[in-house]
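Trainee: What would the 3D arrangement of this be:
(2 chains, ligands or ions: 2)
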Amino acid sequence: MTAVVPSPSDVVAEVQEGGSRYDRLIQPARVHGTLYTDPSIFAEELRKIWHRTWVFVGHESEVPQVNDYVRKQLADQDVVMTRDKEGEVHLLINRCAHRGLQVCDDKAGNSSSFRCPYHGWTYRNTGELLGYPYNKGYGGKKQLPLGMGKVARVASYQGFVFGSLAEEGPSLEEHLGAAKGEIDRLVGLSPEGKVSLDAGWLRHKTRSNWKFLAENETDGYHPQFVHGSIFGVTGSPIGELYSDNSTAVTRNLGDGHSENDLRPEFRGFAEPMRWFGTTPDRVPHYVAAMKEAHGDAADRVMIEGAPHVMIFPNLFIAEIQVFNIQPVAVGECVQYSTAVQFDGGHELNMRMVSQSIGSVGPAGMLLADDTEMYERNQRGVAMADPEWLDVRRGLHRESVDENGFTIGTATDETGMRGFWNHYKSLMEAED
Amino acid sequence: MTAIHPAGEIIESEFASVAVKLDHDGNAVRLRVEDLRTGRVRFLDALELESLVWLADGHLTQLLDPSHERWRG
Ligand code: FES
Ligand SMILES: [Fe+2]
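Mentor: Ligands and ions are numbered 1, 2, ... in the order given. As a prediction, the model looks like this:
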């Protein structure tokens, strides 16, 4: 290859005078530090991204029974995910229509209706107002056209529940685009074609801007450095896949989504369950159930393994666990994480819980190392000079795959560039 | 094991707390329900319970209106 890595002066020259604010801050090979530190940009992100686009909130398996509910977060909004008596899932905004009290306080429960503790206004778990005490003060029963707030649009894909606070916009399937296939891949690893996220969520407060997490999730350049300890202790072969010798690729899936596709490596080994660090004889019931479910395709599914995909803006599926990232402030976010559970995959499920505890639990070795980087990143980027973060790695060796997606090598910043492209298009939209 | 409350097994949420147990003091068994927040007690016999099972959802929903009975004003 004779392509040349662009120099900073080339990059600056590309920026036109008079472009939008985000033309200046987001350039093909670098992004400005204030994107992570400026509270006015964070406020604009809430309006233009978090309150507009589809945001991952939770999973249907968290409310398995009629009238179950769980408290969830949608960016700065406290949301109650409920299942009504017809079985439909709702996302209510946790706010009383009377004087604005927070209605539900427990993390989870089962109730067909919610009674506000302040003056007793009572709502169905669909948000509909059922009644209020002493109704003469309102001219009788059923006189008020009020209810709890609702997330304007709710939709789910393979049980993953998303909410959009905007009445209109692309459908969830349009938003997910090529990322749908990655969710399908995950679900395909269940002999019953279904995953549950009901093992409980760990909650990690992180003093970092949310974008450092979204960018890092498919950054294949850092694992050999940051995760040396967990690779060493577990003897995991995964670290090797993130090097310049790897045939794995980083793929920009469009719409801000990206993945580290490790399948080329696993196909090379052609060993079922290698992706999980095990062999078929150690999980015989699972392998038999997969063969029963998938027939001849079972080996391919078990060779290729689970996806490693970051779905814009906040759902990260990391093979055996799922992260839900929610912003709190310009320099703070929360990472919720849980172990994937395959319906019909008991042998794997126990291992996935213990592996998740080892990687993202309170004494886990994976998330803690990443989080140390996120927080140091936030502290570093607050410094005055240099002003920019470099995202040019692999620009000169990108190519287009057979499906038209831009791909880089396992360690290239192709995913980040896809993230920034989409981010910029959302931030440049009208308020 | 959870300790047994003298009023029976507890069914509660953040919105209400009641205890239920079978009561054998009458000539036939009844369900004794105690609202643990106020101490108010109601007995429900077999026919009343059967009627509850058959109550249309809409009627049950009406009972949940706070001004239907308890805070009628
Ligand atoms: S604020 Fe909820 S009933 Fe008054
Ligand atoms: Fe008071």
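
Trainee: can we go C-alpha only for contacts and neighbour counts from here?
Mentor: Noted.

Trainee: So A:Val353 sits against A:Ser337, correct?
Mentor: No. The criterion here is CA atoms under 8 Å, and A:Val353 misses it with A:Ser337 at 11.1 Å.

Trainee: Please say which of those two ends up with more neighbours.
Mentor: A:Ser337 (25 against 20; other CA atoms under 10 Å in any protein chain shown).

Trainee: Could you pull up the residues touching the nearest residue to A:Ala248 once chain neighbours are set aside?
Mentor: Among residues not flanking A:Ala248 along the chain, A:Leu262 sits closest, at 4.6 Å (CA to CA, 6 or more residues apart in numbering or on different chains). Applying CA atoms under 8 Å, 6 or more residues apart in numbering or on different chains to A:Leu262 gives the contacts A:241, A:247-249, A:304.

Trainee: Tell me which of those residues fall in strands.
Mentor: Those of those mapping onto strands are A:Val249, per DSSP state E.

Trainee: Heading C-terminal from the longest helix along chain B, find the next helix or strand.
Mentor: The residue-count maximum for a helix in chain B (DSSP state H) belongs to helix B:46-54. Counting by DSSP states H and E, the next helix or strand C-terminal to helix B:46-54 is helix B:57-63.

Trainee: Could you see whether chain A lies near that following helix?
Mentor: Yes. Residues of helix B:57-63 are located near chain A by CA under 8 Å from any CA of the partner chain, namely B:61-62.

Trainee: Tell me which residues are up against that helix.
Mentor: A:130, B:68-69.

Trainee: Can you get me the start-to-end distance on stretch B:35-55?
Mentor: Using CA to CA, to the nearest Å, the end-to-end distance of stretch B:35-55 comes out at 21 Å.

Trainee: want to throw the contacts of A:Leu262 into TSV with distance to A:Leu315 and pLDDT?
Mentor: Shown next, in TSV, are the contacts of A:Leu262 (distance: CA to CA, whole Å; pLDDT from 0 to 100):
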residue	distance to A:Leu315	pLDDT
A:Leu241	23	86
A:Thr247	25	93
A:Ala248	22	95
A:Val249	20	96
A:Glu304	21	96
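
Trainee: And the residue of chain B closest to ligand 1?
Mentor: B:Pro66 (10.9 Å; CA to the nearest ligand atom).

Trainee: Checking residue 43 next. Helix, strand or coil?
Mentor: In the absence of a named chain, chain A is used. Classification of A:Ala43 using DSSP: H, G, I helix; E, B strand; the rest coil returns helix.

Trainee: meant chain B, my bad for not saying
Mentor: Three-state call for B:Phe43 (three-state DSSP): strand.

Trainee: Leaving out chain neighbours, which residue sits closest to it?
Mentor: B:Arg32 (4.6 Å).

Trainee: Check A:Ala293 too.
Mentor: A:Pro191 (5.7 Å).

Trainee: List the contacts of the one you found.
Mentor: Counted by CA under 8 Å, 6+ apart, A:Pro191 has contacts A:286, A:289-290, A:292-294, A:342-345.

Trainee: cutoff 10 Å now
Mentor: When contacts are counted by CA atoms under 10 Å, 6 or more residues apart in numbering or on different chains, A:Pro191 is found next to A:286-294, A:298, A:342-345.

Trainee: Tell me the one among those nearest to A:Leu176.
Mentor: Nearest to A:Leu176, judged by CA to CA, of the contacts of A:Pro191 is A:Phe342 at 21.6 Å.

Trainee: From what I see, that closest one and A:Val187 are in contact.
Mentor: Yes. Applying CA atoms under 10 Å, one finds A:Phe342 in contact with A:Val187, separated by 7.5 Å.

Trainee: hey, what's in contact with both of the two?
Mentor: Common neighbours of A:Phe342 and A:Val187, counting by CA under 10 Å, 6+ apart, are A:193-196.

Trainee: Let me see the ranges of the helices in chain A.
Mentor: Going by DSSP H, chain A shows helices at A:8-13, A:21-25, A:39-45, A:172-176, A:179-188, A:210-216, A:223-226, A:228-234, A:263-269, A:284-294, A:298-304, A:346-360, A:367-381, A:414-427.

Trainee: what would these look like in CSV with distance to A:Ala108?
Mentor: As requested, the helices of chain A are exported to CSV (distance: least, CA to CA, whole Å):
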stretch, distance to A:Ala108
helix A:8-13, 51
helix A:21-25, 41
helix A:39-45, 29
helix A:172-176, 26
helix A:179-188, 26
helix A:210-216, 26
helix A:223-226, 36
helix A:228-234, 33
helix A:263-269, 38
helix A:284-294, 31
helix A:298-304, 35
helix A:346-360, 21
helix A:367-381, 25
helix A:414-427, 33
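
Trainee: So which residue is dead centre in chain B?
Mentor: Note on chain B: the residue nearest the mean C-alpha position is B:Val33, at 4.2 Å, using CA atoms, centre = their mean.

Trainee: Now do the contacts for that one.
Mentor: B:7-11, B:18-23, B:39-44.

Trainee: List only those of the residues you listed flagged as buried.
Mentor: Neighbour-count burial (16 or more other CA atoms under 10 Å in any protein chain shown) is assigned, among those, to B:7-10, B:18-21, B:23, B:43-44.

Trainee: hmm, back to that, got the contact list for the longest helix of chain B?
Mentor: B:28-31, B:43-45, B:55, B:59-60.

Trainee: Which two among these are spaced furthest apart?
Mentor: Farthest pair in the contacts of helix B:46-54 (CA to CA) is B:Ala28 and B:His59. Separation: 27.6 Å.
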